[in-house]
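**Q** Only the shape, not the letters, is given here:
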């Protein structure tokens with residue numbers, strides 16, 4: 001009997017091919033002894049020490065099915081190079097898209113300022129009433145230029161929604177061209193596209209190449225009206241450079257869902273900046289159709305067919 005380990009964080013049923021058994025495990029704890037013969041490990045919400053423990057103890061492991069879009073925690077756990085790692089790319093497109101759009105709208109419509117005014121029981125007249133039709137500030141997505149860095153499956157779902165609200169979208173990725181009808185440039189073109197941006201949305205994965213990709217140099221290319229929204233990985237943004245850019249009003253502000261250290265420590269200067277909106281890594285966390293995805297993938301694995309979303313190691 002072949003064994004697949006399923007985390008208790010997985011809420012959907014996985015259909016097993018004949019000859020397979022499933023064993024549930026708590027992803028926050030060391031693996032149960034009864035599951036150490038597992039051939040497949042499904043990962044969702046696992047703590048890094050628990051992943052490292054699994055890498056040491058699962059001698060017969062052949063496949064790690066990570067339900068997160070990014071597999072950096074799995075990559076760092078020390079699994080044998082022969083173990084196939086797959087990602088949950090595509091499972092989070094809907095929720096992350098919604099959250100990215102919510103953060104963008106919150107920046108444009110000044111929702112944090114409205115909440116603070118409500119807490120103070122103050123009528124924020126400067127944000128309501130008669131307003132200028134043409135403003136030098138980012139107040140609406142209509143006519144705005146949104147640059148999306150990391151133009152994968154989430155971006156291709158987000159971009160049409162931005163266009164529907166009147167925005168112009170420029171994608172940034174490693175390869176230039178056209179994706180789903182949207183123009184995509186390489187990072188070499190950032191000096192050309194960022195000076196006209198009203199918002200820069202980061203949806204980059206965590207890799208050695210993307211660490212602090214959004215740094216002081218990139219932030220300096222943005223106009224003073226621009227906001228930065230990050231729903232990718234925390235390591236892709238230089239937080240110190242961002243704080244400096246916001247404090248000096250080099251940019252208008254930011255909305256961040258991911259951070260280099262999570263939970264964000266109380267000592268972080270990000271907390272004290274009124275023009276930085278903090279979201280507790282809430283964009284994802286809800287893989288859609290995970291049970292069906294795993295059922296289909298396990299059937300492919302059992303048949304010897306290619307697996308979806310294989311990660312290069």
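**A** Happy to help now that I have it. From a predicted model like this one, the values you see are computed outputs, not experimental measurements.

**Q** and stretch 136-143, which residues are buried?
**A** By neighbour count on 16 or more other C-beta atoms under 10 Å, the buried set for stretch 136-143 is 138, 139, 141. (C-beta placed from N, C-alpha, C; glycine too.)

**Q** List of residues touching that stretch?
**A** The contact list for stretch 136-143, computed with C-beta atoms under 8 Å, 6 or more residues apart in numbering, reads 104-105, 107-110, 131, 144, 162, 165-168, 198-199, 225-227, 252.

**Q** switch the cut-off to 7 Å
**A** Under the criterion C-beta atoms under 7 Å, 6 or more residues apart in numbering, residues 104, 107-108, 144, 162, 165-167, 198-199, 225-227, 252 lie in contact with stretch 136-143.

**Q** Next: stretch 9-29.
**A** Contacts with stretch 9-29, where a contact means C-beta under 7 Å, 6+ apart, come from 1-8, 31-32, 34-35, 42, 44-47, 50, 290-291, 294-295, 298-299, 302.

**Q** Then stretch 171-187?
**A** 147, 148, 149, 150, 151, 155, 156, 159, 169, 170, 190, 193.

**Q** So which of these are in strands?
**A** Among those, the members found in strands (DSSP state E) are 147, 148, 149, 169, 170.

**Q** Which members of the residues you listed define the maximum pairwise distance?
**A** The span of the ones in strands among the contacts of stretch 171-187, defined through C-beta to C-beta, is set by 149 and 169 at 11.6 Å.

**Q** Neighbour count for these two, which is higher?
**A** Of the pair residue 149 and residue 169, residue 149 is the one with more neighbours under other C-beta atoms under 10 Å, namely 26 against 22.

**Q** Show me what the more buried one bridges to in the sheet.
**A** In this entry, residue 149 is beta-bridged to residue 172, residue 202, by DSSP bridges.

**Q** Okay, it and residue 232: tell me how far apart.
**A** Distance, residue 149 to residue 232, by C-beta to C-beta, to the nearest Å: 8 Å.

**Q** ok so, going back, buried ones among the contacts of stretch 136-143?
**A** With burial judged by 16+ other C-beta under 10 Å, the buried subset of those is 104, 107-108, 144, 162, 165, 167, 198-199, 225-227, 252.

**Q** how close does the nearest residue to residue 45 once chain neighbours are set aside sit to residue 96?
**A** Once flanking residues are discounted, residue 45 sits nearest to residue 9: 4.2 Å by C-beta to C-beta, 6 or more residues apart in numbering. Per C-beta to C-beta, residue 9 is found 18 Å from residue 96.

**Q** Walking through the stretch 201-313 of the chain, point out its strands one by one.
**A** 227-230, 253-256, 276-278 (DSSP state E, counting those that start in this stretch).

**Q** could these be laid out in JSON lines, adding mean pLDDT?
**A** Listed next are the strands of the stretch 201-313 of the chain as JSON lines, based on pLDDT from 0 to 100:
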{"stretch": "strand 227-230", "mean pLDDT": "98"}
{"stretch": "strand 253-256", "mean pLDDT": "98"}
{"stretch": "strand 276-278", "mean pLDDT": "98"}
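
**Q** Can I get the ones you listed in TSV including distance to residue 209?
**A** Formatted as TSV, those follow (distance: least, C-beta to C-beta, whole Å):
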stretch	distance to residue 209
strand 227-230	17
strand 253-256	21
strand 276-278	26
